[in-house]
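Q: here is the input, now give the coordinates:
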Amino acid sequence: MTTTAPAADARMLGLAHYAARGVLEHVLARHGLTFLQQVALRAVVTADAARTPDDVVSEVRGSLKADPVDIRATLDELRAKQLLAADGGYLHPTDAGRELLAAVGAETAPISAGIWGGISAEDLAAAGRVLALVTDRANAKLAELTA
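A: Purely as a prediction, here's the structure:
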């Protein structure tokens, strides 16, 4: 019996995104983090230089299209949890913030390997090209719609 792979479309992309995000959110919940908190924390932890709150809001908004008010509230939550610290207008990850992000990464790594494992490099490259193109086009369309 031969099966035909479904064509990629917005629905398939959404289903893949929410399935993967559901896995991540399950892990994050065990660590007391929300998805938005993890994204914002990662933006600060992985930065090459100190970031202002505006820098983080801009990056997270660009990635998630989240409301800046919600992102700022999330930064406040991360400071209240002592995962981020403010110093002279800049945000810095605390040791606890770095450790928490590392723990989440360590827990999700084998799960991700199980999800992505066995997919050929050729298929991953093709999917990467398509997803990059879709992202670029969607971002351009959003810019048109919000201009």
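
Q: tell me the buried residues in stretch 93-110?
A: Buried residues in stretch 93-110, counted by 16 or more other C-beta atoms under 10 Å: P93, T94, G97, L100, L101, V104, T108. Just so you know, the C-beta spots here come from the backbone N, C-alpha and C atoms, and that holds for glycine as well.

Q: an error on my part: the question was meant for stretch 116-131.
A: Residues of stretch 116-131 classed as buried by neighbour count (16+ other C-beta under 10 Å): none.

Q: of the buried residues of stretch 93-110, which belong to helices?
A: Mapping the buried residues of stretch 93-110 onto helices (DSSP state H) picks out G97, L100, L101, V104, T108.

Q: a markdown table for the buried residues of stretch 93-110, including distance to L142?
A: What follows is the buried residues of stretch 93-110, written out as a markdown table (distance: C-beta to C-beta, whole Å):
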| residue | distance to L142 |
| --- | --- |
| P93 | 30 |
| T94 | 34 |
| G97 | 30 |
| L100 | 32 |
| L101 | 28 |
| V104 | 29 |
| T108 | 28 |
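
Q: mind telling me the two of those farthest from one another?
A: Using C-beta to C-beta, these reach their maximum pairwise distance at T94 and T108, which is 20.9 Å.

Q: where do the strands of this protein begin and end?
A: Ranges of strands in the chain, per DSSP state E, are 84-87, 90-93.
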